[in-house]
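> task: produce atomic coordinates for the following.
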Amino acid sequence: MTRNLKTLGLALIAVLALGAVVASTASAEKQNKFRTTTGAEAHLTAEADPNAKTQYFQASTANPHKFFSCNKVSLSTTVKDEATEITTSTPLSEECEAVLIPRTEPKEETKVSMFVELTTCHYFFKTNTTTGNPTGGEHANAGIKCNTAGDHIHSKVTALKLRCSTIPEQEIKHAVRYNNVEAGGIKEITLEATPHSIKVTTENSIACPTPEGKTIVHEDGLYTGKMTVKGYKDVNHTEPTSIFVE
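Residues are numbered from 1 along each chain as shown. Just a heads-up that it's a prediction; the model follows:
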């Protein structure tokens, strides 16, 4: 009987300890919302930070010699006060180039024009933040949604637009960091892209070779860049209003 009570007691302690771990994990997520000054819908624009324009994408941290960058990136969407997620409506990536290294000698970097085709895909951004990103601090999840099942975002190179990589629908943990800033009495959001676990497939072709000589599926793609998110009361973006996360 005593042995049974001891066993029961140990089991109870284990259950309580597990509950504490679960509670601790759950409490690690900070609840936030997108807020507007008017408490109503705001029309948003987002453009690359003029002080850090280049948006940098690397298909795999294990393959630093296959990446692309874009000097112009912009987004637009609408958001309702107290929303916990927004989806962009017209994301654009312009003035992009890919940096490639061929498999054969001389293995010198080659820069070629690159085009980003979103097909029916859009980006989404959530508000709740967690720790866990290797850059430190609190980050929210973000990702890709497509209106047509099976669609991907494509990157294509050269004037012939040969496919270089594809990115499928996915939700990426610890993907963005939000910073509330104020300019002229109007609040804005500085959005820093921080994902380190993007799922991406790199194609193998003459224009876009992989070191392995075959198509590779990665789960460690990364993206870095900064954007400034601004809010407006009207669809023509003429009357500013505050947008922030809290």
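
> residue 150: neighbouring residues, count only.
Around residue 150 there are 9 other residues, counting by other Cβ atoms under 10 Å. The way it works is simple: take the backbone N, C-alpha and C, and place the C-beta from them, glycine included.

> confidence score at it?
On the pLDDT scale, residue 150 is placed at 93.

> now do the domain split for the protein, please.
1-30, 32-245 (automatic domain parsing).

> show residues contacting the helix or strand containing residue 96.
Under the criterion of DSSP states H and E, residue 96 resides in strand 92-100. Outside strand 92-100, the residues within contact range by Cβ atoms under 8 Å, 6 or more residues apart in numbering are 55, 65-75, 109-116, 155, 157, 164, 207-209.

> residues contacting residue 224?
55, 56, 193, 194.

> and stretch 197-208, how far from the chain's centre?
How far stretch 197-208 lies from its chain's middle: 18 Å, per Cα atoms, centre = their mean, to the nearest Å.

> make 93 the starting number, not 1.
New numbering, starting at 93: the last item is stretch 289-300.

> quick check: mean pLDDT of it?
In the prediction, stretch 289-300 has an average pLDDT of 86.

> do stretch 177-188 as well
Mean pLDDT, stretch 177-188: 88.

> which parts of that stretch are buried?
178, 180, 183, 185, 188 (16 or more other Cβ atoms under 10 Å).

> who does the longest strand anywhere in the chain pair up with?
Longest strand in the chain, counting residues (DSSP state E): strand 308-324. Using DSSP bridges, strand 308-324 pairs in its sheet with strand 134-140 (antiparallel), strand 147-150 (antiparallel), strand 278-285 (antiparallel), strand 290-294 (antiparallel), strand 332-333 (antiparallel).

> just the C-alphas of that strand, formatted as PDB.
What follows is strand 308-324, C-alpha atoms only, in PDB (Å, rounded to 0.1, in the frame of the first residue of the first chain):
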ATOM      1  CA  ILE A 308      17.100  20.500 -53.800                       C
ATOM      2  CA  VAL A 309      14.400  21.100 -51.200                       C
ATOM      3  CA  HIS A 310      15.500  23.200 -48.300                       C
ATOM      4  CA  GLU A 311      13.900  24.100 -45.000                       C
ATOM      5  CA  ASP A 312      16.500  26.700 -43.800                       C
ATOM      6  CA  GLY A 313      16.000  29.600 -46.200                       C
ATOM      7  CA  LEU A 314      16.500  33.000 -44.700                       C
ATOM      8  CA  TYR A 315      15.300  36.500 -45.600                       C
ATOM      9  CA  THR A 316      16.400  39.900 -44.200                       C
ATOM     10  CA  GLY A 317      15.200  43.400 -44.900                       C
ATOM     11  CA  LYS A 318      13.400  46.300 -43.400                       C
ATOM     12  CA  MET A 319      10.200  48.000 -44.400                       C
ATOM     13  CA  THR A 320       8.300  51.000 -43.000                       C
ATOM     14  CA  VAL A 321       4.500  50.400 -42.700                       C
ATOM     15  CA  LYS A 322       2.300  53.500 -42.900                       C
ATOM     16  CA  GLY A 323      -1.400  54.000 -42.300                       C
ATOM     17  CA  TYR A 324      -3.900  56.200 -44.200                       C
END
